[in-house]
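S.K.: Give me coordinates for this.
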Amino acid sequence: MKRFTPRLRLCLSLLPWLLTSHFALSQYNLQGTSVRELGDDCYVLTEDVIWQKGTIWSSQAISLQTSFNLEFTMNFGSKDIKGADGMVFAFQAQGNTLIGQTGQGIGFGGFSPALGIEFDTYQNLDENDPDFDHIAIVRNGVVNHLRSTNLAGPVRALANQDNIEDGGDHLVRINWIAPQKILEVYFDCEKRISTTVDMIAIFGKTEVFWGFTAATGGDSNRQTVCIKKDAVWQSALQICQGESRQLLARNSIDGVYRWSPASAIVGAANTRTAVVRPDRDQLFVVEYRNSCNQPVRDSVMVKVDSPPLLELGPDRTICSDGSGALLESTVANSAAAVQYEWTNGATTPSIRIARSGLYGLTMRKGQCVSRDSVYITMGMLPRLPDSYKPPTFRSCLRDVPLTLSSMASGNGLTYQWLHSGEPQATISVNKAGTYEVVVTGSFGCQITESMKVIDTCPLSLWIPDAFSPNADGQNDQLVILTSQPAELHFWVYDRWGNVIYFSEAAELAWDGYYQGQVCLPGAYTWRAEYKVADQPESQTFTKRGVVWLIR
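M.R.: Numbers count the residues shown, from 1 in each chain. Purely as a prediction, here's the structure:
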């Protein structure tokens with residue numbers, strides 16, 4: 001029985017989310033015995049000490065809906081006979097603080113749901129391991145190769161060699177082809193495993209964390225990981241319209257690169273890094289020779305988000321009745337989902353405010369960010385009683401005027417009655433009608449009160465006994481007067497009872513003519529029906545009489 005302990009040395013490539021900055025320690029989360037080596041992007045997962053376990057996890061999740069490939073180097077060390085236990089490259093969706101079991105579980109035991117690519121250098125018969133150093137794809141923390149959780153392999157890590165604990169660096173590439181759900185594993189430039197697996201179905205999620213687990217048991221080895229800043233190459237990334245983004249190619253064996261299309265590249269197109277600024281979705285391709293001295297064409301689709309057009313409006317005064325006011329944003333070009341971040345901590349499209357101040361909103365849509373702010377002055381509306389209804393007053397205005405008063409309360413109120421311009425809270429009126437007063441509070445906040453006055457004095461009607469339509473300017477027309485506005489119907493009859501004049505005008509006047517002919521002098525009877533105007537419920541009166549037409 002052979003035992004292996006890997007001295008694991010990984011050099012990873014991690015691209016499109018990178019700008020010009022280098023990979024930082026904060027992008028990985030170390031658990032257990034994992035520590036960073038000084039002077040290098042390398043991490044010790046376990047020292048050459050028995051019963052240790054360590055993990056390294058990406059701080060950010062990666063999407064399984066987008067194709068990507070990961071490339072790194074592993075160094076399994078040279079301690080073969082007493083070395084243990086191996087390493088697993090793992091995907092899991094439970095966060096970046098997991099740590100597994102020691103011993104033959106290779107630090108992967110106990111994870112579920114999870115998918116791991118094990119690089120096993122120790123033969124455990126109870127796990128049905130072969131007698132050579134092998135690679136297999138397993139899931140849910142189980143490394144037994146006869147269980148249903150064994151998805152592919154085991155296969156020799158090296159096609160023509162049983163042992164990979166040779167002290168040298170071994171290039172590993174893991175390729176995820178999202179549309180076809182194909183997972184591929186390359187070791188020293190040769191494809192060792194290719195299998196179809198529905199990772200989204202395994203996790204029930206579209207985003208997972210990736211990382212490395214290692215463990216020792218009764219035997220041990222110093223196992224390390226070296227991570228470069230170009231660890232993950234993704235097939236797509238998003239930027240905001242007008243932004244530039246630096247793309248980083250993987251290391252070329254001869255240092256020669258060619259990016260295209262050159263028209264969307266800012267600066268040189270023949271270096272490892274390319275600064276791009278596309279104005280629309282654009283596929284970028286870089287050609288180079290990889291560490292296996294093979295020609296490679298890597299591509300990345302740069303998708304361009306358009307920024308949402310955010311508008312909070314000009315600085316302004318908002319009048320409130322004391323219950324606060326709603327501050328809303330006007331947003332255009334935001335068909336995609338957006339996130340709201342107000343300076344008061346709210347994350348809703350609108351907020352209710354109760355005091356004056358500067359309010360700012362940050363809105364995020366994809367990779368785009370829009371910001372706006374507005375200064376709101378909160379004014380207080382004059383307050384009316386809770387049970388307020390526009391009042392109606394009934395009074396006989398013939399002898400005693402009626403006093404009208406505003407019912408608004410508040411500090412520093414001013415008044416203006418619309419019918420007269422009077423600037424006080426209380427006025428006197430002697431006519432029926434609707435009266436309105438504009439009440440102004442702080443910062444010009446206004447309300448309008450309306451009051452209806454009904455004159456309850458009895459309606460009086462005056463009709464003269466005679467008139468003389470002789471064009472001398474004296475009593476030329478029969479004019480009827482009322483004590484207040486009235487609805488009036490008036491008929492005049494000749495001696496035979498025929499109607500020779502009818503009017504329902506508010507101000508009627510008979511000129512003594514009938515069908516364009518002068519009426520003869522004499523006595524004419526009349527009848528009037530009348531009621532108070534604008535009072536449908538008021539009583540209708542009828543009055544009859546005689547008027548003399550004199551010429």
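
S.K.: what about the helices in the protein?
M.R.: With DSSP state H, the ranges of helices along the chain come out as 199-203.

S.K.: contacting residues around the residue nearest the centre of it?
M.R.: Taking C-alpha atoms, centre = their mean, the centroid of the chain lies closest to residue 338, which sits 3.2 Å from it. Taking C-beta atoms under 8 Å, 6 or more residues apart in numbering, we find residue 338 in contact with 308, 331, 363, 364, 365. C-beta coordinates here come from the backbone N, C-alpha and C atoms, glycine included.

S.K.: could these go into a markdown table alongside neighbour count, distance to residue 354 and pLDDT?
M.R.: A markdown table is the format used below for those (neighbours: other C-beta atoms under 10 Å; distance: C-beta to C-beta, whole Å; pLDDT from 0 to 100):
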| residue | neighbour count | distance to residue 354 | pLDDT |
| --- | --- | --- | --- |
| 308 | 20 | 27 | 81 |
| 331 | 17 | 24 | 76 |
| 363 | 22 | 23 | 90 |
| 364 | 18 | 26 | 88 |
| 365 | 21 | 29 | 84 |
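
S.K.: Among the residues you listed, name the ones in strands.
M.R.: Here DSSP state E is the test, and these give 331, 363, 364, 365 as lying in strands.

S.K.: what residues are up against the first one?
M.R.: By C-beta under 8 Å, 6+ apart, the contact set of residue 331 is 308, 309, 310, 311, 338, 349, 363.

S.K.: what do you get if the cut-off is 6 Å, keeping everything else the same?
M.R.: 308, 310 (C-beta atoms under 6 Å, 6 or more residues apart in numbering).

S.K.: distance of it from residue 361?
M.R.: Relative to residue 361, residue 331 is positioned 10 Å away (C-beta to C-beta, to the nearest Å).

S.K.: And residue 191, by the same measure?
M.R.: Distance, residue 191 to residue 361, by C-beta to C-beta: 51 Å.

S.K.: Nearest spatial neighbour of the residue nearest to the centre of the chain, chain-adjacent residues omitted?
M.R.: residue 365 (4.6 Å; C-beta to C-beta, 6 or more residues apart in numbering).

S.K.: I figured that neighbour hits residue 309, correct?
M.R.: No. Using C-beta atoms under 6 Å, residue 365 makes no contact with residue 309, being 10.4 Å away.

S.K.: just to revisit the earlier point, tell me which of residue 191 and residue 361 has more neighbours.
M.R.: residue 361 (24 against 11; other C-beta atoms under 10 Å).

S.K.: What's opposite that one in the beta bridge?
M.R.: With DSSP bridges applied, residue 361 shows beta-bridge pairing to residue 342, residue 372.

S.K.: how far away is it from residue 372?
M.R.: 6 Å.

S.K.: Not counting its own residues, what contacts stretch 45-64?
M.R.: Outside stretch 45-64, the residues that touch it by C-beta under 6 Å, 6+ apart are 27-34, 43, 96, 99, 102, 107, 199-200, 206-216, 218, 220-223, 225.

S.K.: How about that stretch, which residues are buried there?
M.R.: By 16 or more other C-beta atoms under 10 Å, the buried positions in stretch 45-64 come out as 45-48, 52-58, 61-62, 64.

S.K.: how about low-confidence regions in this structure?
M.R.: 1-26, 38-40, 228-234, 333-336 (pLDDT under 70).

S.K.: domains of it?
M.R.: When the chain is parsed with automatic domain parsing, its domains come out as 25-232, 235-303, 309-376, 392-455, 461-549.

S.K.: Between the two ends of the fourth one, how far is it?
M.R.: In domain 392-455, first residue to last residue: 11 Å (C-alpha to C-alpha, to the nearest Å).

S.K.: Off-centre distance for that domain?
M.R.: Relative to its chain's centre, domain 392-455 lies at 47 Å (C-alpha atoms, centre = their mean, to the nearest Å).

S.K.: do you know how far the nearest residue to residue 178 once chain neighbours are set aside is from residue 524?
M.R.: Once flanking residues are discounted, residue 178 sits nearest to residue 67: 4.4 Å by C-beta to C-beta, 6+ apart. The spacing between residue 67 and residue 524, counted by C-beta to C-beta, is 106 Å.

S.K.: and what of residue 208?
M.R.: 106 Å.

S.K.: what are the bridge partners for residue 208, then?
M.R.: The partner residues for residue 208, given DSSP bridges, come to residue 62.

S.K.: so it touches residue 95, yeah?
M.R.: No. Taking C-beta under 6 Å as the definition, residue 208 is not a contact partner of residue 95, at 10.4 Å.

S.K.: Can you pick out the residue with more neighbours from these two?
M.R.: More neighbours surround residue 208 than the other of residue 208 and residue 95, with 22 against 10 (other C-beta under 10 Å).
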